[in-house]
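In: here is my input, please return the structure:
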Amino acid sequence: MRRVVFNQKGGVGKTTITCNLAAICAFHGKKTLVIDLDPQSNSSQYLLGDRCFSMEQTSLDYFTTMLSFNLFGSDPNDLPKFIHETPFENLDIIPSHPDLDDLQSKLEARYKMFKLKKSLDMLSGYDFIFIDTPPALNFYSRSALIASDSCLIPFDCDHFSRNALYRLLNSVAEIRFDHNTELEIEGIVVNQFQARARLPKVIVNELIDEGLPVLNPFISYSIRIRESHDESKPMIFFDPNHKITEEYLQLYTKLK
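Out: Numbering: from 1, shown residues only. Modelled structure (predicted):
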């Protein structure tokens, strides 16, 4: 199963959702891979700590190989050489790199958008693959949507996010129609939910009334998540008895 975690709006929790769900899959004995395509490298930092800044063979090198394939004879489909172990059993990562942005126009000009799917089709040994994307509909997020079986959409509860959600749903539908008929929207993950506040409840209930695939449980707001970022430990390893961890565990059972 390949899942892309995507939203065109920043700050909605893509990285947090990607890494915590992937960590729970690994915790349950499932061989899991995270692919970080966001030049901000947040998933890489969350799972590797400061070590991510000195990594060789990152997603940048993977995409660079696509451009040099004909010249040097290296194989861009040899994805395992870009995969690194994390400190957590069963959990691997292809880390990101800040220079991914600089490569994007060259990749687009050479129509490389389907190469990630081809590489993943040839990759074996993983039960789950999670792809973290940039907060934009660009080459990398399109490549991830084309390569994936399903899409999880992080959503934080304000009107700006709601307006962006409709545009996002149209974008995913277009990718599905034009490039990947197997792609399904697996659900909307409500993140940083504050149960005592009126506005989040109103907005989420309206989405449910519209028939949108809002997943339950909602992920609560907690400073503990930021502390887990600082420690480079997803919640299942950082604080396994916390309310947030339980919510992610419940979400995992809904998705698997």
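In: residue ranges with poor pLDDT in this structure?
Out: With pLDDT under 70 as the threshold, the chain has low-confidence stretches at 69-77.
In: which stretches in it count as strands?
Out: 2-5, 32-36, 84-85, 91-94, 128-132, 150-156, 184-191 (DSSP state E).
In: what packs against the third one?
Out: Other elements packing on strand 84-85 under the criterion 3 or more CB pairs under 8 Å, 6 or more residues apart in numbering; DSSP states H and E are strand 91-94. In this view, the C-beta of every residue, glycine as well, is placed from N, C-alpha and C.
In: still on that earlier bit, need the strands of the chain in JSON lines with mean neighbour count and distance to Phe114, can you?
Out: As requested, those are exported to JSON lines (neighbours: other CB atoms under 10 Å; distance: least, CB to CB, whole Å):
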{"stretch": "strand 2-5", "mean neighbour count": "25", "distance to Phe114": "14"}
{"stretch": "strand 32-36", "mean neighbour count": "28", "distance to Phe114": "15"}
{"stretch": "strand 84-85", "mean neighbour count": "15", "distance to Phe114": "25"}
{"stretch": "strand 91-94", "mean neighbour count": "25", "distance to Phe114": "18"}
{"stretch": "strand 128-132", "mean neighbour count": "26", "distance to Phe114": "15"}
{"stretch": "strand 150-156", "mean neighbour count": "24", "distance to Phe114": "17"}
{"stretch": "strand 184-191", "mean neighbour count": "21", "distance to Phe114": "19"}
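In: next, format the ones you listed as JSON lines and append distance to Glu174.
Out: Written out in JSON lines, the entries for the strands of the chain read as follows (distance: least, CB to CB, whole Å):
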{"stretch": "strand 2-5", "distance to Glu174": "15"}
{"stretch": "strand 32-36", "distance to Glu174": "22"}
{"stretch": "strand 84-85", "distance to Glu174": "33"}
{"stretch": "strand 91-94", "distance to Glu174": "26"}
{"stretch": "strand 128-132", "distance to Glu174": "18"}
{"stretch": "strand 150-156", "distance to Glu174": "13"}
{"stretch": "strand 184-191", "distance to Glu174": "13"}
